[in-house]
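Enquirer: Have a look at this fold, sequence not included:
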Ligand code: HEC
Ligand code: HEC
Ligand code: HEC
Ligand code: HEC
Ligand code: HEC
Ligand code: HEC
Ligand code: HEC
Ligand code: HEC
Ligand code: HEC
Ligand code: HEC
Ligand code: HEC
Ligand code: HEC
Ligand code: HEC
């Protein structure tokens, strides 16, 4: 484009001048609409088709550097045309870049023309390659376009001229980030240059929180916050563009969780029992991914978390004729059960009677009732959760 630009302008200065003068004369004298359109399209890419402006009138607001096709009927859409603003007030727009006394040539070659006034792409090591090369017209049309900032196109259409659009937004993606779908690439990337990697407007740790506020992705009452969330490592779990999983997740829980947590710790091969939701990767049935209302990222009150699947009436009945075992009353299920897996039946943290002796005195075994029971399962006589009898007796 750049070398071509030089060629285009230099050899034919006289004929260029003639054409320009002709254009201006015709414009001023008000030649037929068709002729004017032909001339305009000769000089400029993207001149709106004639029928687009049917029943409309062209208004030029040179101070705003803008031409609009105002429709006569309010119901019609009004396409807006943007031109490069004048260098100085009152000066003809073309003279910003073309020397009107010198055969309409450009003031300088393409690579340095724009940056003689603009600074883009010249700052850091992180410059976007086309901007750094002064190839401004790869994205901007200096003669005006329908898009803001004189852009040739917007979103993926603009960037897709050089980047593989299917790489950035694979058609089969299950979730697409809203700003990507909207084509507002510049809400995350600086098209010219950036001190951050990948031309990002902020560091990866700060980028997401520009739009997502903490309260939006974890409860205000959070007691525990997941360490990677606290550190802004959102992209350990989410993709910024698209993902093959819902919610832009790079993997589904538990595979997602096992990227950082040791799978062997949760689903050990030698375990007697693995809690069914753990086996099914349903970590988020109990944990918040970002934060929890309880310690250990637990989503809800501890026992309630269990009762989303287990029948509360069978473990912690709200019946006044019944006595709850003290730790059950305290919702402390994990005093006896491991929520993930266990070497013992019923996901118990310890085998009985050792389990019971984490709280009760072993001297108990010396009393008359228990003397012969040492090797027995305590829960064969006592209900570990509740009972309508004294001493939590089963009957
Ligand atoms: C912001 C700078 C800028 C302004 C303002 C500008 N031009 Fe250009 N013009 C260029 C550049 C750069 C080229 C080289 C071709 C290219 O890269 O698009 C060019 C090329 C041209 C050409 C050669 C043919 C072509 O399309 O490549 C014509 C004719 C032309 N301009 C006419 C005009 C007219 C008429 C105006 C005023 C209405 C104008 N230009 C305003 C920058 C400008
Ligand atoms: C003689 C100085 C000068 C040159 C040369 C020049 N510009 Fe500009 N440009 C300006 C001024 C002044 C403005 C308006 C103030 C601003 O936004 O910085 C402007 C504004 C712009 C804008 C913003 C338009 C908008 O809608 O806000 C773009 C994009 C732009 N120029 C691109 C270019 C490109 C591309 C070139 C080279 C082909 C170029 N300019 C060459 C002075 C210049
Ligand atoms: C890869 C495409 C691309 C290239 C190359 C590019 N720009 Fe831009 N430019 C954009 C986009 C996209 C925007 C709109 C940014 C936004 O919406 O915030 C923009 C906005 C601008 C603006 C107006 C807003 C601002 O940041 O001041 C100016 C002026 C501008 N560009 C000048 C240039 C100049 C000069 C060059 C060459 C050194 C250049 N651009 C190269 C894509 C590009
Ligand atoms: C004129 C061609 C062109 C256009 C248009 C273009 N790019 Fe680029 N872009 C490049 C080149 C060349 C590279 C460097 C290639 C590389 O290192 O892999 C690059 C690299 C990048 C990078 C990676 C930078 C890095 O540090 O590795 C990002 C991000 C990027 N472009 C975003 C965009 C966005 C967003 C747009 C649209 C506003 C866009 N590009 C439009 C040519 C282009
Ligand atoms: C929500 C923020 C966000 C939006 C919106 C966004 N990007 Fe990105 N983009 C990123 C981040 C973050 C990276 C860093 C790569 C990574 O780790 O995923 C990146 C990387 C890139 C890269 C370089 C790496 C690669 O995948 O080739 C290109 C090119 C790119 N983006 C283009 C685009 C284009 C084009 C758009 C608009 C259609 C866009 N981006 C919209 C955040 C965003
Ligand atoms: C420019 C603003 C913006 C930035 C920056 C941004 N997002 Fe978003 N994000 C949105 C919008 C808008 C939505 C859709 C509305 C909503 O669901 O809240 C969204 C939705 C999401 C969703 C839900 C997707 C779904 O399918 O329901 C996730 C996850 C997400 N963003 C993660 C991120 C991450 C991670 C980052 C940083 C890489 C990030 N966002 C940066 C604007 C942004
Ligand atoms: C440890 C992995 C992980 C990290 C780190 C993480 N997220 Fe998430 N995020 C998830 C999971 C899993 C979901 C889906 C939650 C669900 O379905 O309950 C999600 C959902 C979301 C949603 C959609 C919420 C909704 O209700 O639709 C947004 C927005 C979001 N995350 C933003 C972020 C942001 C911003 C960060 C960084 C501050 C971040 N996430 C860090 C795993 C993570
Ligand atoms: C990017 C790495 C990473 C991923 C992915 C990840 N975690 Fe974590 N998680 C950590 C780190 C780091 C800690 C804190 C250090 C520790 O205690 O091991 C932590 C701690 C935890 C804790 C204990 C929190 C506390 O306050 O004690 C739970 C529960 C947890 N993660 C669950 C999950 C779940 C569920 C998933 C999948 C949705 C997941 N993690 C995915 C890195 C990760
Ligand atoms: C049935 C509910 C439940 C499920 C399902 C569950 N957890 Fe937990 N998790 C808990 C509870 C309760 C704690 C607190 C244990 C404690 O305080 O002793 C915990 C603690 C943790 C901890 C911190 C302490 C430790 O043991 O390292 C991590 C990390 C963790 N869980 C990860 C996961 C992962 C990963 C998954 C999915 C593979 C998962 N959890 C599934 C209930 C659950
Ligand atoms: C997402 C649903 C779900 C949640 C939440 C859940 N469980 Fe389970 N739990 C199951 C399923 C399914 C089974 C296996 C089917 C069965 O035997 O009833 C099971 C079995 C058990 C068993 C019996 C194991 C055996 O060997 O018979 C215990 C004990 C248990 N869960 C305790 C808990 C505790 C304590 C909590 C809260 C920390 C909890 N569960 C939360 C679904 C859940
Ligand atoms: C004092 C220790 C202890 C506490 C605290 C405890 N359990 Fe248990 N739980 C057991 C024992 C022992 C068994 C085996 C029952 C048997 O042998 O009949 C069991 C069995 C279970 C079972 C499977 C059999 C059944 O009865 O359905 C579930 C589910 C269960 N407990 C859930 C819970 C929940 C939920 C909590 C918290 C509200 C809890 N447990 C608190 C000791 C305890
Ligand atoms: C986390 C601690 C803890 C564990 C583990 C525990 N208990 Fe208890 N238990 C208590 C507390 C506290 C009380 C009420 C105070 C007391 O009377 O000692 C209690 C009360 C009892 C009572 C009724 C005493 C009375 O006077 O009514 C029996 C029976 C009992 N436990 C049996 C068991 C059995 C059997 C086990 C093992 C399956 C067990 N406990 C495990 C803490 C525990
Ligand atoms: C054969 C039935 C039976 C077995 C098995 C049994 N107990 Fe008991 N336990 C009783 C009876 C009956 C009482 C009523 C008080 C008494 O007679 O001493 C009792 C009372 C208790 C008390 C309350 C005693 C006090 O002094 O407050 C505790 C605590 C207790 N048992 C714990 C256990 C533990 C721990 C085990 C397992 C090692 C166990 N029991 C096994 C029948 C049993």
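Expert: Cool, the structure landed. Just so you know, these numbers come straight off a predicted model, no measurement behind them. Ligands and ions are numbered 1, 2, ... in the order given.
Enquirer: hey, let's count contacts and neighbours off CA atoms from now on
Expert: OK.
Enquirer: Please name the nearest non-neighbouring residue to the residue of the stretch 101-250 of the chain found nearest ligand 5.
Expert: Closest residue of the stretch 101-250 of the chain to ligand 5, C-alpha to the nearest ligand atom: residue 185 (3.4 Å). Excluding the flanking residues, the one nearest residue 185 by C-alpha to C-alpha, 6 or more residues apart in numbering is residue 155, at 5.9 Å.
Enquirer: That neighbour and residue 230, how far apart?
Expert: 31 Å (C-alpha to C-alpha, to the nearest Å).
Enquirer: again with residue 344
Expert: Separation of residue 344 from residue 230 (C-alpha to C-alpha): 36 Å.
Enquirer: and if you look at residue 206?
Expert: Computed as C-alpha to C-alpha, the residue 206 to residue 230 distance reads 11 Å.
Enquirer: now do residue 263
Expert: Between residue 263 and residue 230 the computed distance is 23 Å (C-alpha to C-alpha).
Enquirer: same thing with residue 80?
Expert: Residue 80 sits 44 Å away from residue 230, going by C-alpha to C-alpha.
Enquirer: got a list of what the residue in the stretch 1-150 of the chain positioned nearest to ligand 1 touches?
Expert: Taking C-alpha to the nearest ligand atom, ligand 1 has its nearest neighbour within the stretch 1-150 of the chain at residue 94, 3.3 Å off. Counting by C-alpha atoms under 8 Å, 6 or more residues apart in numbering, residue 94 makes contact with 86, 100.
Enquirer: And the pLDDT at it?
Expert: Residue 94 is assigned 84 on the pLDDT scale.
Enquirer: How is it assigned, secondary-structure-wise?
Expert: What DSSP: H, G, I helix; E, B strand; the rest coil gives for residue 94 is helix.
Enquirer: neighbours around the closest residue to residue 217 other than its chain neighbours, how many?
Expert: Nearest in space to residue 217, with sequence neighbours left out and distances taken as C-alpha to C-alpha, 6+ apart, is residue 290 at 7.0 Å. The number of residues packed near residue 290 is 20, by other C-alpha atoms under 10 Å.
Enquirer: do residue 142 as well
Expert: Residues within reach of residue 142, counting by other C-alpha under 10 Å, total 20.
Enquirer: Now it. Nearest residue, chain neighbours left out?
Expert: residue 84 (6.2 Å).
Enquirer: I'd like the distance between the one you found and ligand 6.
Expert: Distance of residue 84 to ligand 6, given as C-alpha to the nearest ligand atom, to the nearest Å: 27 Å.
Enquirer: Phi, psi for that residue please.
Expert: With angles defined as degrees, to the nearest 10, residue 84 sits at phi -60, psi 130.
Enquirer: Return the distance of it relative to ligand 13.
Expert: Counting by C-alpha to the nearest ligand atom, the gap from residue 84 to ligand 13 is 86 Å.
Enquirer: hang on, isn't that residue packed against residue 147?
Expert: No. Counting by C-alpha atoms under 8 Å, residue 84 stays clear of residue 147, with 11.6 Å between them.
Enquirer: neighbour count winner among these two?
Expert: Between residue 84 and residue 147, counted using other C-alpha under 10 Å, residue 84 has the larger neighbour count: 21 against 17.
Enquirer: buried sites along stretch 293-311?
Expert: For stretch 293-311, the neighbour count (16 or more other C-alpha atoms under 10 Å) marks 293-295, 297-300, 302-303, 306 as buried.
Enquirer: returning to what we had before: and the residue nearest to residue 217, what pLDDT?
Expert: Model confidence at residue 290 (pLDDT) stands at 94.
Enquirer: just to revisit the earlier point, now the residue nearest to residue 185: how far from ligand 12?
Expert: To ligand 12, residue 155 is 60 Å away according to C-alpha to the nearest ligand atom.
Enquirer: Isn't that residue up against residue 189?
Expert: No. Residue 155 is beyond contact range of residue 189, at 11.2 Å (criterion: C-alpha under 8 Å).
Enquirer: Tell me the residues of the protein that contact ligand 11?
Expert: Residues of the chain lying near ligand 11 by C-alpha under 6 Å from any ligand atom: 303, 306, 310, 327-328, 331-333, 335-336, 346, 379, 384-385.
Enquirer: Go through the residues you listed and flag which are in strands.
Expert: Using DSSP state E, the subset of these located in strands is empty.
Enquirer: so can I have JSON lines of these showing distance to residue 274 and pLDDT?
Expert: Output for the residues of the chain next to ligand 11, formatted as JSON lines (distance: C-alpha to C-alpha, whole Å; pLDDT from 0 to 100):
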{"residue": "303", "distance to residue 274": "19", "pLDDT": "91"}
{"residue": "306", "distance to residue 274": "15", "pLDDT": "96"}
{"residue": "310", "distance to residue 274": "16", "pLDDT": "97"}
{"residue": "327", "distance to residue 274": "23", "pLDDT": "97"}
{"residue": "328", "distance to residue 274": "22", "pLDDT": "97"}
{"residue": "331", "distance to residue 274": "21", "pLDDT": "95"}
{"residue": "332", "distance to residue 274": "20", "pLDDT": "95"}
{"residue": "333", "distance to residue 274": "16", "pLDDT": "96"}
{"residue": "335", "distance to residue 274": "17", "pLDDT": "96"}
{"residue": "336", "distance to residue 274": "15", "pLDDT": "97"}
{"residue": "346", "distance to residue 274": "10", "pLDDT": "95"}
{"residue": "379", "distance to residue 274": "21", "pLDDT": "94"}
{"residue": "384", "distance to residue 274": "21", "pLDDT": "97"}
{"residue": "385", "distance to residue 274": "21", "pLDDT": "98"}
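Enquirer: could I get those residues as a markdown table with distance to residue 245?
Expert: Listed next are those as a markdown table, based on distance: C-alpha to C-alpha, whole Å:
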| residue | distance to residue 245 |
| --- | --- |
| 303 | 30 |
| 306 | 27 |
| 310 | 29 |
| 327 | 40 |
| 328 | 38 |
| 331 | 35 |
| 332 | 35 |
| 333 | 33 |
| 335 | 36 |
| 336 | 36 |
| 346 | 34 |
| 379 | 45 |
| 384 | 42 |
| 385 | 40 |
